[in-house]
Each structure stands twice: as C-alpha cells, then as structure tokens.
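Enquirer: no letters, just coordinates:
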C-alpha cells in the first residue's frame with residue numbers, strides 16, 4: 001500500500017501516520033518526494 005501525504009503535512013503528522021502503521025503491525029517505509037512525502041506500507 002502507498003500512503004501519499006498532502007504537501008502541507010507537518011513532520012508531526014507524518015510521524016503520527018508512521019506510528020499508526022507500526023501499531024497495526026506493518027512496516028512503514030518513508031519515501032520523500034520533491035513536493036510531498038509518501039509512506040510505503042509493507043507486510
């Protein structure tokens with residue numbers, strides 16, 4: 001799965017999503033882009 005954050009997402013919001021993915025038992029993989037952050041979800 002790929003979660004694409006809005007370009008206005010703060011580092012705190014990105015970290016909240018990463019923690020939620022981990023809490024659900026999946027492995028988040030941050031993928032920084034030129035304009036926005038994506039988070040790959042593995043597992």
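Expert: Right, received. Where do you want to start? Predicted, not measured: the structure shown is a model, and the values here were computed from it.
Enquirer: spatially central residue in the protein, please.
Expert: By C-alpha atoms, centre = their mean, the chain has its centre lying nearest to residue 39, at 3.3 Å.
Enquirer: quick check: chain neighbours aside, which residue is closest to it?
Expert: residue 3 (4.4 Å; C-beta to C-beta, 6 or more residues apart in numbering). For glycine as for every other residue, the C-beta is placed from the backbone atoms N, C-alpha and C.
Enquirer: paired strands for the host helix or strand of the residue nearest to the centre of the chain, with orientation please.
Expert: Residue 39 is part of strand 37-42, with elements assigned from DSSP states H and E. Its sheet considered, strand 37-42 pairs with strand 2-4 (antiparallel), strand 27-32 (antiparallel) by DSSP bridges.
Enquirer: quick one: residues contacting the residue nearest to residue 7 when sequence neighbours are not counted.
Expert: In space, residue 7 comes closest to residue 36 once its chain neighbours are excluded; the distance is 4.4 Å by C-beta to C-beta, 6+ apart. Going by C-beta atoms under 8 Å, 6 or more residues apart in numbering, residue 36 touches 4, 5, 6, 7, 9.
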